[in-house]
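Participant: Got a predicted structure here, sequence first:
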Amino acid sequence: MGAVPIKENEMILKHLFGNFKRYYAFFVLPLLFIGYYSSRCAGKVIVSQKDFRLIGNMVFLNECGEKLDLIVCWNKGEDFMSLGLGHFIWYQKNKDNRFEESFPILLNFMREKGRKIPTWLEDMERNGYPWKNRQELLQNLHQDDLRRLRRFLHDT
């Protein structure tokens, strides 16, 4: 098959787009309706357990380089810990909060969804965590309190 002459191409385009208004109602409006209807009816995204784990592992790789130690951090110049893949902020008890403290909100959300919060973590939430500053946290990276906290965050 050879190349189509320019005049023939122009005629085809003129036919298609010249009649565009006529076909608009038959093609575009149903597509808009389908898009609107499907967005209104789509409530949940169903993800298999296998894909759910894969997504979780990819996020863990991206946020922590798959290093459990990095799931709890206290950045230089900050007066709070950052916890989990969501970087939830947790201030020491009775500290002036410059940002919204989001870790206690996460714990309340977990409780509402039926997740049992370990007693040791509830004690920390009530009384404050045992590290006064970033330096103390770094000196105690491999103590039981931090190990349990990292494991809780990872398993959640």
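Facilitator: Thanks, I have the structure now. Numbering: from 1, shown residues only.

Participant: can you tell me the distance between the two ends of stretch 95-105?
Facilitator: Distance between the boundary residues of stretch 95-105 (CA to CA, to the nearest Å) amounts to 17 Å.

Participant: residues of that stretch that come out buried?
Facilitator: Ser102, Phe103 (16 or more other CB atoms under 10 Å). Using the backbone N, CA and C atoms, a C-beta is placed for each residue, glycine as well.

Participant: and if you look at stretch 144-153?
Facilitator: The neighbour-count criterion (16+ other CB under 10 Å) identifies Leu146, Leu149, Arg150, Phe152, Leu153 as the buried residues of stretch 144-153.

Participant: got it, and stretch 48-67?
Facilitator: The neighbour-count check on stretch 48-67 (16+ other CB under 10 Å) flags Phe60, Cys64 as buried.

Participant: count of residues packed around the residue lying closest to Ser102 once chain neighbours are set aside?
Facilitator: Residue nearest to Ser102 in three dimensions, not counting chain neighbours: Phe88, with 4.5 Å by CB to CB, 6 or more residues apart in numbering. The tally of other residues near Phe88 (other CB atoms under 10 Å) stands at 18.

Participant: what's the answer for Ile71, then?
Facilitator: 19.

Participant: tell me the contacts of it?
Facilitator: By CB atoms under 8 Å, 6 or more residues apart in numbering, Ile71 lies in contact with Glu63, Cys64, Leu83, Gly84, Leu85, Arg150, Leu153, His154.

Participant: Ile46 versus the fourth one, what's the distance?
Facilitator: This points to Gly84. 25 Å (CB to CB, to the nearest Å).

Participant: of those two, who's got more company?
Facilitator: More neighbours sit around Gly84 than around the other of Gly84 and Ile46, counting by other CB under 10 Å; the figures are 20 against 5.

Participant: In space, what's closest to the more buried one - neighbours in sequence excluded?
Facilitator: With CB to CB, 6+ apart, the residue lying closest to Gly84 is Leu153, at 4.4 Å.
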